[in-house]
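Asker: Any chance you could fold what I've pasted below:
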Amino acid sequence: MSSPLWPSVMLCLEKAVLGAQSQPCALGWFGDSCQFQCHCAGNTDCDPSNGACSSGCDPQWFGPGCQYNVSQITTSNGLWLTDSDDRTCNNDGNAESITVALVTPHPLTWVRVVVSDSTYVSDFQLSYRTPVSTSSEQCTEARSAKVDDNTLDIFCSTSIVVSNVTVSGPAVLGLCTLYISGGRNVALKQATEQSSRYLERYAKYAVDGTPSGPDIYFDRTLTCSHTSDEEMAPKFGWWRVTFSNDVEINRLIIYNRMDCCEDRLVNFTLQAYSSSGGNPVYSYTDPGGRAQLVYTVVPSPVIQAPVKSVRFDVSKNTKGSNIMTLCEVYAFGEVVCPPRKFGRQCERDCNCADQKEACFVSTGGCPSGCAAGYLGEDCYT
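Answerer: Down below sits the predicted model:
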């Protein structure tokens, strides 16, 4: 079974930047520095400036520039809710409440609902349940912003891991699609370093958007980072990513090497640091056992402080290897922006009708609506 994170641009070549000269992005990439990955349906290319897809988003992604991972859900309410088709809608005329289960529980941040008719675009209530609770809690501080006549974004940030989400209210009668945000990959193309290097296995290959593949000695398709095989105890290999902006992280997915040597990651340690340095704001150690090809780490409770860097360290594992090899590190979350700023790099100003209101960092949407003269999902048109 393929991973929901397998990118739609496996055949893309990384753009070469020569000096300060501006060059078109390679197929499958966009942004000022070609640092963002397209996620278009049918593996088509995206708009090189903003990532918009004329073919629509790949079913595993949604939101501005198709940059937000769709959390996998299960439900007993029928396939219409999980078929990624906004044209198939609630066929139970009596259902005013729908509950879904997250395949991988994680903190809740925001959801997008698509309805069949504009009369249903309001009157939604959101509640959630944790993996250990038997009753639901209401999103009492939920804020929402209208995207268009048939689409509403609801922001409800939790400090705990959520396993079930319930959408209720009269508007459920017209519900077509529920997207639960799994976050944006804030690690992609960020600055990296490692304790040493084996051949040409640079640290940057762990955040190049290609999660795995062969990394044998003679393979020229370099997809994994790799520290030197000459590192000996008490020195152990390490790898670090440093974010250009402070970020919130609610989930990490780590792709191991798949052609051999997967035991090198057994008992790895992961630590997240704030911009002030000092002690880590979050630490995790793999419990060991059999090596996994894909590791998922969900901090619980959520990391309270903004994160500036994440470091992985090799531990003394079953084979005694000191080598750190990472084929891809996804850090799902969102950038932390100053008040009334939004965008993937906090580069844009909010344009809300209430000038004192902070728009949503992920979309630029405003609960009070757009200021006079502005339109669109991000109040920028």
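Asker: neighbours around E377, how many?
Answerer: Neighbourhood size, E377 [other C-beta atoms under 10 Å]: 19. (C-beta placed from N, C-alpha, C; glycine too.)
Asker: in stretch 197-204, what's buried?
Answerer: Neighbour-count burial for stretch 197-204, counted by 16 or more other C-beta atoms under 10 Å, picks out 198, 201-204.
Asker: Check stretch 79-92 too.
Answerer: Across stretch 79-92, burial judged by 16+ other C-beta under 10 Å covers 80-82, 84, 88-90.
Asker: ok, so of those, who is nearest K189?
Answerer: S84 (26.7 Å; C-beta to C-beta).
Asker: Look at the residue lying closest to that closest one once chain neighbours are set aside and tell me its secondary structure.
Answerer: Once flanking residues are discounted, S84 sits nearest to P59: 3.9 Å by C-beta to C-beta, 6 or more residues apart in numbering. At P59 the chain is in coil, as set by DSSP: H, G, I helix; E, B strand; the rest coil.
Asker: And P59, how close does it get to Y282?
Answerer: 31 Å (C-beta to C-beta, to the nearest Å).
Asker: more neighbours, the two?
Answerer: Y282 (20 against 14).
Asker: That one reaches P299, doesn't it?
Answerer: Yes. If you go by C-beta atoms under 8 Å, Y282 and P299 touch, sitting 5.4 Å apart.
Asker: any common contacting residues for those two?
Answerer: Jointly contacting Y282 and P299 under the rule C-beta atoms under 8 Å, 6 or more residues apart in numbering are A272.
Asker: Out of the buried residues of stretch 79-92, name the two that are farthest from one another.
Answerer: Counting by C-beta to C-beta, the most remote pair of the buried residues of stretch 79-92 is S84 and N90, 15.6 Å apart.
Asker: Show me what counts as buried in stretch 327-341.
Answerer: By neighbour count with 16+ other C-beta under 10 Å, stretch 327-341 contains the buried residues 327-337, 341.
Asker: One more: stretch 139-156?
Answerer: For stretch 139-156, a neighbour-count test (16+ other C-beta under 10 Å) marks 139, 142-147, 150-156 as buried.
Asker: any residues touching that stretch, and which ones?
Answerer: Contacts for stretch 139-156 (C-beta under 8 Å, 6+ apart): 86, 108-118, 121-122, 124-128, 176, 359-360, 363, 365-367, 369, 377.
Asker: switch to 6 Å and redo it
Answerer: Stretch 139-156 is contacted by residues 108, 110-115, 118, 121, 126, 360, 363, 365-367, 377 when judged by C-beta atoms under 6 Å, 6 or more residues apart in numbering.
Asker: next one: stretch 201-213
Answerer: Taking C-beta under 6 Å, 6+ apart as the rule, stretch 201-213 contacts 7, 37, 187-188, 190, 192-194, 222-226, 239, 255, 258, 326-329.
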